[in-house]
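**Q** build me a structure from this.
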Amino acid sequence: MSTAKRGDVVHVHYRGTLDDGTEFDSSAGSDPLTFTLGAGEVIPGFENAIEGMSTGEKKTETIPADNAYGNRREELVFKVGRDQMPADTEIETGDMLQVGFPDGSSAAVQVTALDDASVTLDANHPLAGKNLTFELELVGID
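**A** Sure, this is the predicted structure:
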């Protein structure tokens with residue numbers, strides 16, 4: 001039986017939970033996640049966990065934050081004036097927005113606080129700073 005190695009296209013069913021047991025994602029009820037091992041299409045710890053598995057194998061792997069979405073970076077939390085927000089848009093704490101930068105790039109940010117004059121935005125990935133536990137099943141290798 002072959003094992004998953006870099007360059008293989010793999011098909012994986014998974015369930016992801018946080019340290020407190022909260023599920024943040026799962027492939028249950030849908031097609032397995034398909035990606036090329038070693039191509040950087042998923043977080044590094046997820047790739048490392050799949051590498052060496054055999055088709056049909058199941059395991060549980062905990063990935064520390066620094067091998068997942070990284071540690072939270074406070075420099076990615078910033079305030080902007082309300083006048084920089086679209087005038088005709090209702091914004092609430094918890095909303096996800098796309099912000100554009102002068103160089104043409106954009107990033108997803110979450111609204112973490114608001115007042116009459118400003119909006120606080122967080123550009124950290126929502127799972128940054130969190131350890132992730134995955135229940136994994138390798139269902140196929142191409």
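**Q** which residues of this protein fall in strands?
**A** Along the chain, the segments classed as strands by DSSP state E run 9-17, 23-26, 33-36, 58-63, 77-81, 96-100, 106-114, 118-122, 132-141.
**Q** go through these and find the least confident stretch.
**A** Lowest mean pLDDT of the strands of the chain: strand 96-100, a mean of 88.
**Q** in its sheet, what does that strand sit against?
**A** Sheet pairing of strand 96-100 (DSSP bridges) gives strand 106-114 (antiparallel).
**Q** starting at the chain centroid, how far to the partner strand?
**A** Strand 106-114 sits 16 Å away from the centroid of its parent chain (C-alpha atoms, centre = their mean, to the nearest Å).
**Q** residue 125: neighbour count?
**A** A count of nearby residues for residue 125, using other C-beta atoms under 10 Å, gives 16. Glycine gets a C-beta too; all of them are placed from N, C-alpha and C.
**Q** how close does it sit to residue 43?
**A** Per C-beta to C-beta, to the nearest Å, residue 125 is found 10 Å from residue 43.
**Q** make CSV out of the strands of the chain and add mean neighbour count and distance to residue 71.
**A** Formatted as CSV, the strands of the chain follow (neighbours: other C-beta atoms under 10 Å; distance: least, C-beta to C-beta, whole Å):
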stretch, mean neighbour count, distance to residue 71
strand 9-17, 18, 18
strand 23-26, 13, 17
strand 33-36, 16, 24
strand 58-63, 14, 13
strand 77-81, 13, 13
strand 96-100, 11, 21
strand 106-114, 15, 17
strand 118-122, 19, 14
strand 132-141, 18, 13
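**Q** distance to residue 52 for the ones you listed - can I get that in JSON lines?
**A** As requested, the strands of the chain are exported to JSON lines (distance: least, C-beta to C-beta, whole Å):
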{"stretch": "strand 9-17", "distance to residue 52": "11"}
{"stretch": "strand 23-26", "distance to residue 52": "23"}
{"stretch": "strand 33-36", "distance to residue 52": "16"}
{"stretch": "strand 58-63", "distance to residue 52": "10"}
{"stretch": "strand 77-81", "distance to residue 52": "38"}
{"stretch": "strand 96-100", "distance to residue 52": "36"}
{"stretch": "strand 106-114", "distance to residue 52": "33"}
{"stretch": "strand 118-122", "distance to residue 52": "36"}
{"stretch": "strand 132-141", "distance to residue 52": "10"}
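**Q** no further questions, thank you.
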